[in-house]
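Fold the following.
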Amino acid sequence: MENRSSLSPAVAEVRRAVRQALAALSEGTTVLVALSGGADSLALAAATAFEAPKRGIRAVAVTVDHGLQPGSADAAAAASAQAERLGLDARVVRVEVGGTGGPEAAAREARYRALADAAAQTGAIAVLVGHTLDDQAETVLLGLARGSGGASLQGMAPEAELVPGISLLRPLLEVRRKTTRAACAAEDLTPWDDPHNADPAYARVRVRERVLPVLEAELGPGIADALARTAAQLREDAEAFDDMIDETIEDIVEHAEAGISVSVAALAANPAALRNRIIRHVVASEFHASLTRAQTLEVARLVTAWSGQGPIDLPGCRARRVGGRVEFTASAS
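I've put the predicted structure just below:
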């Protein structure tokens, strides 16, 4: 039996985070752990192997081999072997990475598709991934640099939908990367360091290796924690806005002959932040397209600065003022 008095604080912290994530899951369910072999996912796998059986939950480790570099198959096999030694059912899935959207985006898409398929095959209801507080800080800083708006600055949510019926859980979003490394050392686990994670060709690596250290040096410690807190606060704000939109939208939206329309008076009565969110929500839900801030503000001018201007071409649709309503119709194919 494990001697609790000698339990590493790092191991205890990672286990506690995983325990909280599993608390909402029912006994008898299955979860997957996405195991790259790096310190974050390896610490996550070890904690899940310890915590899941206590709740009657079956845990399966899945290592996705992207085949993007020499030795990737050996690294995947080594990660899977460590998972088996931890007592997890472990498997390796090889994927083909396409070229759409750049190498990072293509690898991520292939990885999540493989994880969703593995979850469906094993009957898993959730996939656990090892994103840490440091990953969250990097995500927020990248979003800020790109001017991507509040949605990007919210960072990664602790829980999201991977595919319908399967959740994506991030138990370690409040755990530092140095803690996962310490946990691996304490449990005699050998992490694999992906060379891509040190390649300055990737913006995220430059943020990690250059930008955040400069911010810490010039502004003082705690930058990563502050960025993660900012993401959490913005997610809370977004959830409040979403609730307000859900309460409002049924009363102000009507289906038009070729699309959907929104009441000008109702949009004008709302503050700009809510009005703009309603416009983006309508386009996203009806036409499955995202608007830039400039596009959103141009549509809003049909409400706030109407002077007879003509239709506005948008991704997937067109917006125009028709009497007391703003009408959105699908773009001609």
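
what about the most centrally placed residue in the chain, distance to residue 48?
Centroid-nearest residue in the chain: residue 156, 3.9 Å away (criterion: Cα atoms, centre = their mean). Per Cβ to Cβ, to the nearest Å, residue 156 is found 19 Å from residue 48. All C-beta spots, glycine's among them, are computed from the backbone N, C-alpha and C.

Could you pull out the buried residues of stretch 308-320?
By neighbour count on 16 or more other Cβ atoms under 10 Å, the buried set for stretch 308-320 is 312, 314, 316-320.

Which member of those is positioned nearest residue 104?
residue 316 (25.3 Å; Cβ to Cβ).

Contacts only, for that closest one.
283, 287-289, 330-331 (Cβ atoms under 8 Å, 6 or more residues apart in numbering).

Looking at those residues, which are in strands?
Using DSSP state E, the subset of the contacts of residue 316 located in strands is residue 330.

Highest neighbour count among the contacts of residue 316?
residue 283 (23 neighbours; other Cβ atoms under 10 Å).

contacting residues for it?
289-291, 314-317, 328.

Swap in 6 Å and give it another go.
Going by Cβ atoms under 6 Å, 6 or more residues apart in numbering, residue 283 touches 289, 291.

And it, how far from residue 301?
For residue 283, the distance to residue 301 - Cβ to Cβ - is 15 Å.

buried residues in the longest helix along the chain?
Assignment by DSSP state H gives helix 223-252 as the longest helix of the chain. Neighbour-count burial for helix 223-252, with 16+ other Cβ under 10 Å as criterion, is recorded at 223-224, 227-228, 230-231, 234-235, 238, 241, 244-245, 248, 252.

so which of the residues you listed comes closest to residue 77?
residue 224 (32.9 Å).

right, and that closest one touches residue 139 too?
No: Residue 224 lies out of contact with residue 139 (Cβ atoms under 6 Å); the separation is 11.0 Å.

Show me how this protein divides into domains.
Listed by automatic domain parsing, the domain ranges of the chain are 4-219, 257-330.

can you put those domains in TSV and add mean pLDDT?
Output for these, formatted as TSV (pLDDT from 0 to 100):
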stretch	mean pLDDT
domain 4-219	92
domain 257-330	93
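
Tell me which of those domains is the most buried.
Compared across the domains of the chain, domain 4-219 shows the largest average neighbour count, a mean of 18 (mean count of other Cβ atoms under 10 Å).

next one: that domain to chain centre, how far?
11 Å (Cα atoms, centre = their mean, to the nearest Å).

So residue 262 belongs to a helix, correct?
No: assessed by DSSP: H, G, I helix; E, B strand; the rest coil, residue 262 does not belong to a helix; its assignment is strand.

That one contacts residue 251, doesn't it?
No: with contacts counted by Cβ under 6 Å, residue 262 stays clear of residue 251, the gap being 10.5 Å.

could you pull out the strands for this protein?
Under DSSP E, the chain gives strands at 30-34, 58-65, 89-94, 126-128, 159-163, 166-169, 253-256, 259-263, 312-314, 317-322, 325-330.

now the contacts of residue 316 in JSON lines, with distance to residue 274?
Below are those laid out as JSON lines (distance: Cβ to Cβ, whole Å):
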{"residue": "283", "distance to residue 274": "15"}
{"residue": "287", "distance to residue 274": "20"}
{"residue": "288", "distance to residue 274": "22"}
{"residue": "289", "distance to residue 274": "20"}
{"residue": "330", "distance to residue 274": "25"}
{"residue": "331", "distance to residue 274": "26"}
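
Of the contacts of residue 316, just say which sits nearest to residue 38.
residue 288 (33.8 Å).

If we ignore the residues flanking it in sequence, what's nearest the closest one?
residue 316 (6.6 Å; Cβ to Cβ, 6 or more residues apart in numbering).

Check residue 61 too.
residue 83 (3.7 Å).

next one: residue 263
Looking at residue 263 with Cβ to Cβ, 6+ apart, the closest residue is residue 252, at 4.4 Å.

hmm, back to that, make JSON lines from the buried residues of helix 223-252 and add distance to residue 272 and pLDDT to it.
Output for the buried residues of helix 223-252, formatted as JSON lines (distance: Cβ to Cβ, whole Å; pLDDT from 0 to 100):
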{"residue": "223", "distance to residue 272": "30", "pLDDT": "95"}
{"residue": "224", "distance to residue 272": "32", "pLDDT": "95"}
{"residue": "227", "distance to residue 272": "26", "pLDDT": "94"}
{"residue": "228", "distance to residue 272": "28", "pLDDT": "94"}
{"residue": "230", "distance to residue 272": "21", "pLDDT": "91"}
{"residue": "231", "distance to residue 272": "23", "pLDDT": "92"}
{"residue": "234", "distance to residue 272": "17", "pLDDT": "89"}
{"residue": "235", "distance to residue 272": "21", "pLDDT": "89"}
{"residue": "238", "distance to residue 272": "16", "pLDDT": "82"}
{"residue": "241", "distance to residue 272": "12", "pLDDT": "79"}
{"residue": "244", "distance to residue 272": "13", "pLDDT": "79"}
{"residue": "245", "distance to residue 272": "14", "pLDDT": "81"}
{"residue": "248", "distance to residue 272": "14", "pLDDT": "79"}
{"residue": "252", "distance to residue 272": "16", "pLDDT": "89"}
